[in-house]
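Asker: Show me the folded form of this:
(2 chains)
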2 protein chains.
Amino acid sequence: MLTKSKVKQIRLLSLKKYRQKSGLFIVEGEKTVSEFYNEKWSCDVIYTTEDIVDLKYTSISKLSMSKITQLSSPSPVLGIFKIRKMKRDDFTGFSLAIDSIKDPGNLGNIIRLCDWFGVEHLYCSRGSVDFFNPKTIQSSMGSLARVNCHSCDLDIFLKQYPGAIYGATLDGENFNNVEMISPGILVLGNESRGISSKIINLLSKKITIPSSSKNNHIESLNVSSAAGILLSRLAK
Amino acid sequence: MLTKSKVKQIRLLSLKKYRQKSGLFIVEGEKTVSEFYNEKWSCDVIYTTEDIVDLKYTSISKLSMSKITQLSSPSPVLGIFKIRKMKRDDFTGFSLAIDSIKDPGNLGNIIRLCDWFGVEHLYCSRGSVDFFNPKTIQSSMGSLARVNCHSCDLDIFLKQYPGAIYGATLDGENFNNVEMISPGILVLGNESRGISSKIINLLSKKITIPSSSKNNHIESLNVSSAAGILLSRLAK
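Answerer: Modelled structure (predicted):
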């Protein structure tokens, strides 16, 4: 049984302000909760409406779960974890940076792509959607537990970055012809505006995913589509 | 001024059943409406709260627009178009097929990828999300106006398909090493279940996007990420 005040506290975790204040965030779904647990994220509590194995939990009713879930179809498992400091980048591999991403689903999908393609560090400019946004966690499918996600002043960070800086633009070299070398970082822009002017100037090389369309009506790809295509090339 | 009954009729177009009955669907946003218009989709009516150029329209109030929009932040332009028969495939190029896709955002994004990479025909199994779902149209960003989207019994269609049939699975050959040749078709599966068994048997070749992750925790990519990566390889 959850008290009214506890329910209220948990519901407030849907807001970035309260996540930052409390240092806590919500993970839903047994599989995703297990992934954070296995990656040694510090767990505040796990609520469940069912018996689950391998995890310490607190049983609650389905009614209580319906009050704290952020999903339209609640999962039987909801964990509250502590936000932790991300591992520092030693700048030996290849990283990804995004200049002002707004859509939590896109961000989650990009975190999942980083996980798939072995990109350990993701940098997002301040003002981007929060890594711990419930929809980001949902679409990252547990990958947020493994990818080091940093929020930073992207221009300041890139000025000090020791490797090559590749940027996805519409006027760059065909990405198939570019050898992307480590240490390196790939920068993607906000979908409606692309990479901002103060970051464009910091790029070592502009790269482009060419369109094979017969007409010129389509202007750009979704940012997570572009991320997938470019990271797969990198992995090759 | 829209009558109550007209508002009701328009709102019902959010449902597939009513779209099929009326043969109409909604497009929102000036740019997307223009794209359907320019691609000669037959237009029933365009409502707008502003003066717009190049299109015949009916002015309505912002209050009326708020009653018929399907967006949380309504655009000033909403068009109602007639569903049309898609162009027949002459089976000379490369096509895409999806076995039971459920998420309208993913489908829209895949239609956008087809447009970008010059894939003219997309086939979805019956039971997939509707091409004219408002969220599909929204995320396809006007590309639905240009890509020929077919709903079909995918197994029957593939049995008669005259070219090579490639399928994205987790146990196939590295896609970087596979020459995908035209005429050909790439089949992607439903995200949670993959390609169904009755279609797996019809594949000429299984292909896989290998993971470069050091751990094996991540199980799959989002279906639209996989589509982007594989279509970009094809375009190359």
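
Asker: Flag every residue of chain A that's near chain B.
Answerer: Taking Cβ under 8 Å from any Cβ of the partner chain as the contact definition, chain A meets chain B at A:35, A:38, A:105, A:109, A:112-113, A:115-118, A:139, A:141-143, A:146, A:176, A:209-215, A:217-218, A:221-222, A:224-226, A:228-229, A:232-233, A:235-236. Every residue, glycine included, has its C-beta placed from N, CA and C.

Asker: Mark which of those are buried, thanks.
Answerer: Among the residues of chain A next to chain B, those buried by neighbour count (16 or more other Cβ atoms under 10 Å in any protein chain shown) are A:35, A:105, A:109, A:112-113, A:115-118, A:139, A:141-143, A:146, A:209-211, A:213, A:217-218, A:221-222, A:224-226, A:228-229, A:232-233, A:235.

Asker: and A:V223, what is it in contact with?
Answerer: A:V223 sits next to A:I98, A:I101, A:D103, A:N106, A:I110, A:L188, A:G189, A:N190, A:E191 when contact means Cβ atoms under 8 Å, 6 or more residues apart in numbering or on different chains.

Asker: Now tabulate those in TSV and tack on pLDDT, neighbour count and secondary structure.
Answerer: As requested, these are exported to TSV (pLDDT from 0 to 100; neighbours: other Cβ atoms under 10 Å in any protein chain shown; DSSP: H, G, I helix; E, B strand; the rest coil):
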residue	pLDDT	neighbour count	secondary structure
A:I98	97	25	strand
A:I101	93	22	coil
A:D103	93	21	coil
A:N106	94	24	helix
A:I110	97	32	helix
A:L188	97	24	strand
A:G189	93	24	strand
A:N190	85	18	strand
A:E191	74	18	coil
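
Asker: Quick check: of those, which lies closest to B:L55?
Answerer: Checking the contacts of A:V223 against B:L55 by Cβ to Cβ gives A:E191 as the nearest, at 25.2 Å.

Asker: Just give me how far the lengthiest strand in chain A sits from the chain centre.
Answerer: What stands out as the longest strand in chain A, according to DSSP state E, is strand A:164-174. For strand A:164-174, the distance from its own C-alpha centre to the chain's C-alpha centre is 22 Å (Cα atoms, centre = their mean, to the nearest Å).

Asker: who does that strand touch, helix- and strand-wise?
Answerer: Helices and strands touching strand A:164-174, as assessed by 3 or more Cβ pairs under 8 Å, 6 or more residues apart in numbering or on different chains; DSSP states H and E, comprise strand A:184-189, helix A:197-200, strand A:205-208.

Asker: what is the rounded mean pLDDT of the host helix or strand of A:K17?
Answerer: Remark: A:K17 resides in helix A:16-22, with elements defined by DSSP states H and E. Confidence over helix A:16-22, taken as the mean pLDDT, stands at 96.

Asker: now A:K135: how far from chain B?
Answerer: Between A:K135 and chain B the distance, using Cβ to the nearest Cβ, to the nearest Å, works out to 11 Å.

Asker: What confidence value was assigned to that residue?
Answerer: What the model reports for A:K135 is a pLDDT of 94.

Asker: What is the burial count for it?
Answerer: Residues within reach of A:K135, counting by other Cβ atoms under 10 Å in any protein chain shown, total 18.

Asker: any chance you could read off phi and psi for it?
Answerer: Phi and psi for A:K135, reported as degrees, to the nearest 10, are phi -70, psi -30.

Asker: burial count for the closest residue to it other than its chain neighbours?
Answerer: Nearest residue to A:K135 in three dimensions, chain neighbours excluded: A:P104, at 3.7 Å (Cβ to Cβ, 6 or more residues apart in numbering or on different chains). Applying the criterion other Cβ under 10 Å, we find 21 residues in the vicinity of A:P104.

Asker: Where does pLDDT dip in chain A?
Answerer: Across chain A, the stretches falling below the confidence threshold (pLDDT under 70) are A:216.

Asker: Mark out where each domain of it begins and ends.
Answerer: The record's domain parsing of chain A by automatic domain parsing lists A:4-82, A:94-235.

Asker: Could you say which of those is packed most deeply?
Answerer: Across the domains of chain A, the average number of neighbours (mean count of other Cβ atoms under 10 Å in any protein chain shown) peaks for domain A:94-235, which reaches a mean of 20.

Asker: Quick one: end-to-end distance for that domain.
Answerer: With Cα to Cα, to the nearest Å as the measure, domain A:94-235 spans 10 Å from end to end.

Asker: go on, stretch A:165-181?
Answerer: In terms of Cα to Cα, the two terminal residues of stretch A:165-181 are separated by 10 Å.

Asker: Stretch A:163-183 now?
Answerer: Stretch A:163-183: ends 5 Å apart by Cα to Cα.

Asker: what's the answer for stretch A:41-54, then?
Answerer: Distance between the boundary residues of stretch A:41-54 (Cα to Cα) amounts to 15 Å.
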